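Asker: Fold the stuff below for me.
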Amino acid sequence: MSFAQVYTRSVVGLHAPEVIIEVHLSQGLPALTIVGLPEAAVRESKDRVRSAILNSGFQFPNRRLTINLAPADLPKDGARLDLPIAIGILAASDQLDPEVLAGFEFIGELALNGELRQVSGSLAVARAMKAKVLAAQILKDNEQVMSPTRQLIVPTINGAEASRVEGITVLAATNLKAVCNHLQSLTDSSLLDERLTAVEPSPTQQHIGYQVDLADVKGQHHARRALEIAAAGGHSLLFTGPPGSGKTLMASRLPTILPDLSAEDALEVASTYSVADSDYDYGTRPFRQVHHTISAVALVGGGSRPKPGEITLANKGVLFLDELPEFDRTVLEVLRQPLEAKQITISRANSQMTFPANFQLVAAMNPCPCGYDGDGSGRCRCRPEQIKRYQDKLSGPLLDRIDLHITVPALPIADLQNTQAGETSEQVRVRVSAAHNRQLIRQQKVNNELNPSEIDKYIQLGAGEQQLLQLAQQRLNLSARGYHRVLRVARTIADLADSADITSAHVSEALSYRSK
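Answerer: Numbering: from 1, shown residues only. Below you'll find the predicted structure:
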C-alpha cells in the first residue's frame, strides 16, 4: 500500500472544518512535499514528523512523499496537523493498517522525541464532530438513525477539555507510539493491553464560585440598583464619578450577580477560549477588562485571517472599559454596530468571518480631566472648555447605545467605616435570575435583545405611562433608539418587581438612568 487517508480538522475563526490528509508514497528521489495551502507551522511539520517517527521506533520511508491537505483551497495553520501527518506516513508505508483510520480523527503537535504537546482548539474540534453527527441524522423505517461517529485522538493535556462534548468518544495519548499501539491493537489481539481508554467527561460544576462579591461594595445604593437592573436585562452601563468612588470595584462584581450560564452557553464560551488559546474557568461568566491603548483590531477582531477580538472573548459576559474617554475615538466607534447586532462580521478580500459578540458593555469615566468636577471640596480647576473637550471624546451615537448612565459620587467616610455587610452577590443573583427567567418564559430572550417589533408586542403601556414618556422625550430629546432603550429598561424594572404591567414608577426610574 502506498496511499493512506487520515481525517483531522483545521480551525478557521471559531469553526473547525474537516481536513482530509492524503499521503502518497511513490518512486523517486527521497523528498517530502506538502500541498493544500499549508502555512509556516504546517510546512515545518515535516521536520518534526520525521524525527518523531524515527524516535518512536518506526522507519521513515526513504522514497518520495506527497502530502495533500484537502480541501486544497482552505488555509491550514498550527501544529495540530503533526499527528495526523505522521499517522498518514506510517499507514502509507505499511507500518499501520490504513483500513482502521476511517474511524478516527487526530489532532496533536509532535515533539522531536514523539511526545504529544497541547494544541489550541480541541474543544472546537469536538463540537464540530458532534455537529456533523447531528446533521447526518437520517430517517429510516420511522426511526432516527445516527451516522457512525468517529473517535477523536488528542494529546493527554487536551483530553479533559475535548471530553466536555457529549456523544463524542475522546482518546488521549501521551506520545506517537501510544497512538500507533492503539491502532495496531484493533487488528492484533496481542496488543489489547496497549489500547487507549476513553477520557471520562469532567463533572459539570452546578454552582459557579467567584473570587469577589458584591458585598465588598460599601454604600453606593443607587449604583448597586443600576447594576442589578443591568444584570437582569442584559443592559449596558456607564459609571461617571471621581477617582476612588468604586466604579471599577462595582463593574468587576457584575459577573457575580449574572445568572449561571446554560450548559450550551458554557460550552460555546469555553470553545472560544480554546481557539484563542486563553485560560478560562469553565462555567463562569467572562469578564474582559481592556487597556485604553488597545487597537480596533484587538478589540473587535480581524487580521489577514480573521481572529476573535476582546468583544468575542467577552461573549455571554462583560466587557469593561475603564477611563472611557482615554480610548482612541476610532476604537470606540467600532463598538457601535456590535452593541446593536450582538455579532461582528470581519470582511477581507479572500474571506469573511462572523464572530458572536453578545456582551454587556460596562464603562467608567471621570467627569473631567482631573476627575473632581462637581466635587464638594472644590478642588477641580478644569476650565469649562477643558471639560467640554474631555467629554466630547465620546460621540453621541455611542452614548445613545448605552442604556444606563449612572453618576457615582465620592464615598462619605461614614460609609467606608461602616462594617455592616451589604447584600451578597448570591442574594442579588436570586432576584436577577427570577427576572431573567420571566423574560425567557415570555419572549425567549432578555429584554435588551428585543427588536422594535418585539417591543410593540411585549411592552405595553397605559395612557398615563405613554403621556409620561412623551413629555420625557421632549425634555430629554430622546432619539428613537433612546426611546426604545427606556422601554426595555422599564420592562426589566417591572420584571424585577414581578409585575406583569409597566407602571409610571417603572418608567420614571428608567428615565432617571437616561441622563445623556
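Asker: can you give me the strands in the stretch 1-150 of the chain?
Answerer: Ranges of strands in the stretch 1-150 of the chain, per DSSP state E, counting those that start in this stretch, are 3-9, 18-26, 31-35, 64-70, 104-106, 109-110, 116-117, 138-140, 143-145.
Asker: Nearest to residue 461, out of those strands?
Answerer: strand 143-145 (46.5 Å; C-beta to C-beta). Yep, even glycine has a C-beta here, placed from its N, CA and C like the rest.
Asker: Backbone torsions only: list them for the nearest residue to residue 421 once chain neighbours are set aside.
Answerer: Once flanking residues are discounted, residue 421 sits nearest to residue 215: 5.0 Å by C-beta to C-beta, 6 or more residues apart in numbering. Backbone torsions of residue 215, given as degrees, to the nearest 10, read phi -60, psi -20.
Asker: need the longest helix for this structure.
Answerer: Counting residues, the longest helix found in the chain (DSSP state H) is helix 425-443.
Asker: Check which helices and strands that helix sits against.
Answerer: Helix 425-443 is packed against helix 221-233, helix 247-257, helix 452-458, helix 480-496, with contacts defined by 3 or more C-beta pairs under 8 Å, 6 or more residues apart in numbering; DSSP states H and E.
Asker: Go again with 6 Å.
Answerer: helix 221-233, helix 247-257, helix 480-496 (3 or more C-beta pairs under 6 Å, 6 or more residues apart in numbering; DSSP states H and E).
Asker: Residue 351 is nearest to which of those helices?
Answerer: helix 480-496 (31.6 Å).
Asker: Tell me which residues of the closest one come out buried.
Answerer: Residues of helix 480-496 classed as buried by neighbour count (16 or more other C-beta atoms under 10 Å): 482-496.
Asker: Given the helix or strand containing residue 239, what are its sheet partners and their directions?
Answerer: Element membership of residue 239 [criterion: DSSP states H and E] is strand 237-240. Strand 237-240 sits in its sheet next to strand 360-365 (parallel), strand 404-407 (parallel), going by DSSP bridges.
Asker: Quick check: mean pLDDT of that strand?
Answerer: Average pLDDT, strand 237-240: 96.
Asker: Between its first and last residues, how far does stretch 87-103 reach?
Answerer: Using C-alpha to C-alpha, to the nearest Å, the end-to-end distance of stretch 87-103 comes out at 13 Å.
Asker: Spit out the contact partners of residue 292.
Answerer: 323, 326-327 (C-beta atoms under 6 Å, 6 or more residues apart in numbering).
Asker: Name the nearest residue to it, ignoring sequence neighbours.
Answerer: Nearest non-adjacent residue to residue 292, counting by C-beta to C-beta, 6+ apart: residue 326, 4.0 Å away.
Asker: wait, doesn't residue 230 sit right on residue 239?
Answerer: No. Counting by C-beta atoms under 6 Å, residue 230 stays clear of residue 239, with 10.6 Å between them.
Asker: before we move on, the earlier item: so which of the strands of the stretch 1-150 of the chain comes closest to residue 285?
Answerer: Nearest to residue 285, of all those, is strand 3-9, at 28.2 Å by C-beta to C-beta.
Asker: Restricting to C-alpha, output the closest one in PDB.
Answerer: The C-alpha trace of strand 3-9 is given here as PDB (Å, rounded to 0.1, in the frame of the first residue of the first chain):
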ATOM      1  CA  PHE A   3      -1.600   5.600  -0.200                       C
ATOM      2  CA  ALA A   4      -3.300   6.500   3.000                       C
ATOM      3  CA  GLN A   5      -6.100   8.900   4.100                       C
ATOM      4  CA  VAL A   6      -6.400  10.400   7.500                       C
ATOM      5  CA  TYR A   7      -9.100  12.600   9.000                       C
ATOM      6  CA  THR A   8      -8.400  15.700  11.000                       C
ATOM      7  CA  ARG A   9      -9.700  19.300  11.400                       C
END
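Asker: which parts of it are buried?
Answerer: 4-9.
Asker: got it, and stretch 250-258?
Answerer: For stretch 250-258, by 16+ other C-beta under 10 Å, it's 250-258.
Asker: for stretch 435-442, same thing?
Answerer: If you call a residue buried by 16+ other C-beta under 10 Å, then stretch 435-442 has these buried ones: 435-436, 438-439.
Asker: so how far is residue 504 from residue 463?
Answerer: Distance of residue 463 to residue 504, computed by C-beta to C-beta, to the nearest Å: 10 Å.
Asker: Same question for residue 106.
Answerer: 64 Å.
Asker: Same drill for those two, tell me which one is more crowded.
Answerer: Neighbours per residue, other C-beta atoms under 10 Å: of residue 106 and residue 504, the larger number sits with residue 106, 30 against 15.
Asker: Now the more buried one: closest residue in space, sequence neighbours ignored.
Answerer: Excluding the flanking residues, the one nearest residue 106 by C-beta to C-beta, 6+ apart is residue 84, at 4.1 Å.
Asker: surely that neighbour meets residue 21?
Answerer: Yes. Assessed by C-beta under 6 Å, residue 84 is found in contact with residue 21 at 5.1 Å.
Asker: what residues do the two have in common as contacts?
Answerer: Common contacts of residue 84 and residue 21, defined by C-beta under 6 Å, 6+ apart, comprise residue 6.
Asker: what about the two, which has more around it?
Answerer: residue 84 (28 against 24).
Asker: quick one: contacts for the more buried one?
Answerer: Contact partners of residue 84, counting by C-beta under 6 Å, 6+ apart, are 6, 8, 21, 106.
Asker: Show the pLDDT at it.
Answerer: Per-residue pLDDT puts residue 84 at 98.
Asker: Tell me where the model's unsure across the stretch 351-500 of the chain.
Answerer: Counting by pLDDT under 70, the ranges of the stretch 351-500 of the chain that qualify are 419.
Asker: Apply 50 and report the result again.
Answerer: Within the stretch 351-500 of the chain, no stretch has pLDDT under 50.
Asker: isn't residue 339 right up against residue 401?
Answerer: Yes. Applying C-beta under 6 Å, one finds residue 339 in contact with residue 401, separated by 4.8 Å.
Asker: picking that back up, dump the contacts of residue 84 into CSV; add pLDDT and distance to residue 316 as well.
Answerer: As requested, those are exported to CSV (pLDDT from 0 to 100; distance: C-beta to C-beta, whole Å):
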residue, pLDDT, distance to residue 316
6, 97, 35
8, 97, 29
21, 97, 34
106, 98, 31
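Asker: Taking these, tell me the two that lie furthest apart.
Answerer: Greatest spatial distance in the contacts of residue 84: 21 and 106, 8.8 Å, computed using C-beta to C-beta.
Asker: For the nearest residue to residue 40 once chain neighbours are set aside, what are phi and psi?
Answerer: With sequence-adjacent residues excluded and distances taken as C-beta to C-beta, 6+ apart, residue 40 is closest to residue 77, at 7.8 Å. Dihedral angles of residue 77 (phi, psi; degrees, to the nearest 10) stand at phi -140, psi 170.
Asker: Could you do residue 352 as well?
Answerer: Note on residue 352: backbone dihedrals following degrees, to the nearest 10 are phi -140, psi 130.
Asker: tell me which residues form a beta bridge with it?
Answerer: On the basis of DSSP bridges, residue 352 is bridged to residue 347.
Asker: can you list the helices and strands packed on helix 425-443 in JSON lines and add distance to residue 167?
Answerer: What follows is the helices and strands packed on helix 425-443, written out as JSON lines (distance: least, C-beta to C-beta, whole Å):
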{"stretch": "helix 221-233", "distance to residue 167": "33"}
{"stretch": "helix 247-257", "distance to residue 167": "30"}
{"stretch": "helix 480-496", "distance to residue 167": "36"}
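Asker: Of all those, which one is nearest residue 158?
Answerer: Nearest to residue 158, of these and by C-beta to C-beta, is helix 247-257 at 26.5 Å.
Asker: Return the set of buried residues in the helix or strand following the closest one.
Answerer: Sequence order places helix 263-276 as the next helix or strand after helix 247-257, per DSSP H and E. Buried positions in helix 263-276, judged by neighbour count with 16+ other C-beta under 10 Å: 265-276.
Asker: Much appreciated, bye for now.
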